[in-house]
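Student: here you go, sequence then predicted model.
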Amino acid sequence: MNDAQINIAIAEACGWTYCDGWHHPDGGSELQDYVNDLNAMHEAEETLDFDQLCEMQDIIEYEYGFASFHASAFARAHAFLVTIGKWEEVQP
């Protein structure tokens, strides 16, 4: 998945919808840059339950080799989408 696809997948998982632009249930209209923004990923992670957070941490540790609190926004975005079953590998 490229950065734009990742951002859209996470946004949709967080309740964003697209209709003549992006819209969030809280009234927001500027799509977050989840791939590059740790604050945006923190907000996304708040939508997960405890078991999903634990799974996400395990994915980060397995895939990236370090504790989740050291993870980049991209690593968190990848693990988030794997956790919710939305990660799709793009074949070359």
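Tutor: Nice, I can see it. Everything numeric in this text was worked out from a predicted model, so none of it was measured.
Student: how about the helices in the chain?
Tutor: For the chain, helices defined by DSSP state H occupy the ranges 3-13, 38-45, 50-64, 73-83.
Student: format the ones you listed as TSV; extra columns: mean pLDDT and distance to Leu31.
Tutor: For glycine as for every other residue, the C-beta is placed from the backbone atoms N, C-alpha and C. Shown next, in TSV, are the helices of the chain (pLDDT from 0 to 100; distance: least, C-beta to C-beta, whole Å):
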stretch	mean pLDDT	distance to Leu31
helix 3-13	93	6
helix 38-45	96	9
helix 50-64	95	21
helix 73-83	96	13
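Student: among the ones you listed, which is the most enclosed?
Tutor: Sort those by mean neighbour count, taking mean count of other C-beta atoms under 10 Å, and helix 73-83 sits at the top with a mean of 21.
Student: could you say what helices and strands that helix packs with?
Tutor: Where contact means 3 or more C-beta pairs under 8 Å, 6 or more residues apart in numbering; DSSP states H and E, helix 73-83 is packed against helix 3-13, helix 38-45, helix 50-64.
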